[in-house]
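J.: this one's sequence-less:
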């Protein structure tokens, strides 16, 4: 969950400072995947 939040925040920051389309959505997706994989590794 924390990875998705951090990814979304970074994506929003990138989309505000640059003209990259869908940066927030990509950041949310990548953050969610990283959080999911890290949670799976902790088990």
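T.: Noted; the coordinates are in hand. As the structure is a computational prediction, the values presented were derived from the model and not from experiment.
J.: Next one: residue 24 from residue 3, what distance?
T.: 15 Å (Cβ to Cβ, to the nearest Å). Where you see a C-beta, it was placed from the backbone N, CA and C, and this is true even at glycine.
J.: contacts for the longest helix along the chain?
T.: Secondary structure of the chain per DSSP state H: the longest helix is helix 23-42. For helix 23-42, the surrounding residues in contact (Cβ atoms under 8 Å, 6 or more residues apart in numbering) are 1-12, 14-15.
J.: ChimeraX command for the buried members of those residues?
T.: Restricted to buried positions by 16 or more other Cβ atoms under 10 Å, the ChimeraX selection for those reads:
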select :3,4,6,7,8,10,11,15
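J.: okay, the contacts of helix 23-42 in CSV with pLDDT, distance to residue 29 and secondary structure next?
T.: Formatted as CSV, these follow (pLDDT from 0 to 100; distance: Cβ to Cβ, whole Å; DSSP: H, G, I helix; E, B strand; the rest coil):
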residue, pLDDT, distance to residue 29, secondary structure
1, 64, 14, coil
2, 70, 15, helix
3, 70, 11, helix
4, 70, 8, helix
5, 73, 13, helix
6, 74, 13, helix
7, 71, 7, helix
8, 72, 9, helix
9, 76, 14, helix
10, 75, 12, helix
11, 73, 9, helix
12, 76, 13, helix
14, 78, 13, helix
15, 75, 14, helix
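J.: Take the contacts of helix 23-42 and lay them out in JSON lines including distance to residue 36.
T.: Converted to JSON lines, these look like this (distance: Cβ to Cβ, whole Å):
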{"residue": "1", "distance to residue 36": "9"}
{"residue": "2", "distance to residue 36": "11"}
{"residue": "3", "distance to residue 36": "8"}
{"residue": "4", "distance to residue 36": "9"}
{"residue": "5", "distance to residue 36": "13"}
{"residue": "6", "distance to residue 36": "13"}
{"residue": "7", "distance to residue 36": "11"}
{"residue": "8", "distance to residue 36": "14"}
{"residue": "9", "distance to residue 36": "18"}
{"residue": "10", "distance to residue 36": "17"}
{"residue": "11", "distance to residue 36": "17"}
{"residue": "12", "distance to residue 36": "20"}
{"residue": "14", "distance to residue 36": "21"}
{"residue": "15", "distance to residue 36": "23"}
